[in-house]
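Student: Following is a predicted model, sequence given first.
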Amino acid sequence: MTGLKQLIKDKARQLGFFLAGVTLPDPPPHYSTFEHWLAQGHHGNMAYLATEKARARRADPREILPDCKSIVVLATPYSPPSTALSGTSRQTSEADAGMRIASYARAEDYHNILPARMEALVRFIAEQVERPIKNRWYTDTGPILERDLAQRAGIGWIGKNTCLINPKQGSYFFISEIFLDLELEPDPPFVTDHCGTCARCITACPTDCILPNRTIDATRCISYLTIELKDDIPIELRERIGNWVFGCDICQMVCPWNRFAPEGDSAFSDNEPLPPPTGELTLTPEAFNQRFKRTPVSRAKRRGYLRNVAVALGNTGDMRALPVLQNALNDGEPMVREHARWAIEQISKRANE
């Protein structure tokens with residue numbers, strides 16, 4: 001099946017998957033690390049990760065597709081942020097008055113694009129073997145340990161910042177998997193660790209969420225706080241969020257291996273400058289849905305996004321933000337009002353220092 005595997009990889013690249021590897025559906029070697037992570041409560045309010053069914057599937061990929069004989073792991077690049085950070089800086093390189101959205105979330109949601117490509121690859125495989133193929137595919141949506149599978153498929157190693165890193169391509173890519181009832185020769189796993197003694201990601205993280213065992217405390221991670229968390233952001237972490245209003249790229253931006261990161265797939269490119277945060281705080285539900293309905297930002301919902309924008313404005317210390325923050329005290333969402341109130345207090349406190 002070596003010839004077939006190469007045909008599959010060639011087709012995958014043609015479809016936009018710039019990296020592809022094959023592994024077996026064996027139990028993941030780092031599953032115990034995942035269980036310990038759950039036991040420590042580092043998953044926060046992402047309770048779906050801890051259900052009995054989800055844990056059983058993560059422990060054994062064959063629980064997902066009993067006839068699975070191989071797993072094709074794929075990577076699709078998205079563009080790095082337009083500005084980089086210095087090696088150990090905890091500050092963004094943009095002006096404090098701006099705001100930042102994680103690079104992957106600036107354009108079309110990858111969940112809208114990658115499934116069609118995976119389906120096309122499955123059709124191609126079925127044509128090559130001249131039979132229907134039992135399959136399941138995911139891209140950041142299934143109960144599997146994606147980075148474990150990707151490392152076993154030879155795509156890269158799991159860095160100290162928990163991202164999968166490829167020595168030639170960096171870490172700015174989406175991971176996808178296709179489970180197949182087809183025997184393919186597995187690729188050798190990526191066994192070397194190229195992080196060495198580097199700790200730039202750990203030093204640069206504003207919230208100190210990166211743990212020593214290559215996991216993160218999600219309850220402190222800016223991405224979790226601005227996306228997954230549906231409640232108030234803990235007061236003690238609000239200043240540390242800086243001007244990130246959806247996700248965070250800091251631990252990737254300081255990673256030396258991302259010096260080699262290529263430009264991303266054009267489907268995920270967005271060079272439009274972000275609007276000023278003061279205008280964002282006046283978004284109506286209709287305006288929010290119209291702007292973000294096909295982007296990852298929609299996951300935060302309007303109340304979460306405006307919560308984040310209010311925190312970013314509070315962290316600027318800019319008195320010019322006070323009128324729009326005061327207006328937000330009348331917002332219909334209690335969470336928006338609470339964070340606008342905090343932001344006003346922060347700005348007023350800095351003005352009196």
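Tutor: That came through fine.

Student: okay, now the closest residue to L65 other than its chain neighbours: neighbour count?
Tutor: Excluding its sequence neighbours, the residue lying closest to L65 (C-beta to C-beta, 6 or more residues apart in numbering) is F179, at 4.4 Å. Just so you know, the C-beta spots here come from the backbone N, C-alpha and C atoms, and that holds for glycine as well. Using other C-beta atoms under 10 Å, F179 has 25 other residues around it.

Student: Which strand residues bridge F179?
Tutor: Per DSSP bridges, the residues bridged to F179 are I71, R136.

Student: What residues does it make contact with?
Tutor: Going by C-beta atoms under 8 Å, 6 or more residues apart in numbering, F179 touches P25, P61, I64, L65, C68, I71, N135, R136, W137.

Student: The first one against P66, yeah?
Tutor: No - counting by C-beta atoms under 8 Å, P25 does not reach P66; the two are 9.6 Å apart.

Student: Please say which of those two ends up with more neighbours.
Tutor: P25 (21 against 10).

Student: Overlap of the contact sets of P25 and P66?
Tutor: Contacts common to P25 and P66, judged by C-beta under 8 Å, 6+ apart, are absent.

Student: quick one, strands of the protein?
Tutor: Ranges of strands within the chain are 19-23, 70-77, 100-101, 135-138, 157-158, 164-165, 173-180, 244-246, based on DSSP state E.

Student: Can you add mean pLDDT and distance to K293 and give the ones you listed back as CSV?
Tutor: Output for the strands of the chain, formatted as CSV (pLDDT from 0 to 100; distance: least, C-beta to C-beta, whole Å):
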stretch, mean pLDDT, distance to K293
strand 19-23, 98, 30
strand 70-77, 98, 22
strand 100-101, 94, 15
strand 135-138, 97, 23
strand 157-158, 98, 33
strand 164-165, 98, 29
strand 173-180, 98, 20
strand 244-246, 97, 14
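
Student: For those, please prepare CSV with the additional fields distance to A328.
Tutor: CSV is the format used below for the strands of the chain (distance: least, C-beta to C-beta, whole Å):
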stretch, distance to A328
strand 19-23, 44
strand 70-77, 37
strand 100-101, 19
strand 135-138, 38
strand 157-158, 40
strand 164-165, 39
strand 173-180, 34
strand 244-246, 14
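
Student: Nearest to M335, out of these?
Tutor: Nearest to M335 among these is strand 244-246; the distance by C-beta to C-beta comes to 14.3 Å.

Student: ok now the closest one, how far from the chain's centre?
Tutor: Remark: strand 244-246 is offset 13 Å from the chain centroid, using C-alpha atoms, centre = their mean, to the nearest Å.

Student: what lines up beside it in the sheet?
Tutor: strand 100-101 (parallel).

Student: Contact partners for I235?
Tutor: Contact analysis of I235 by C-beta under 8 Å, 6+ apart lists W342.

Student: Quick check: pLDDT value at it.
Tutor: Predicted confidence (pLDDT) at I235: the value is 97.

Student: how about low-confidence regions in the stretch 51-200 of the chain?
Tutor: 83-97 (pLDDT under 70).

Student: cutoff 50 now
Tutor: 84-96 (pLDDT under 50).

Student: Now rank the contacts of F179 by neighbours and give me the top one.
Tutor: Neighbour tally across these (other C-beta under 10 Å): the maximum, 27 neighbours, falls on I71.
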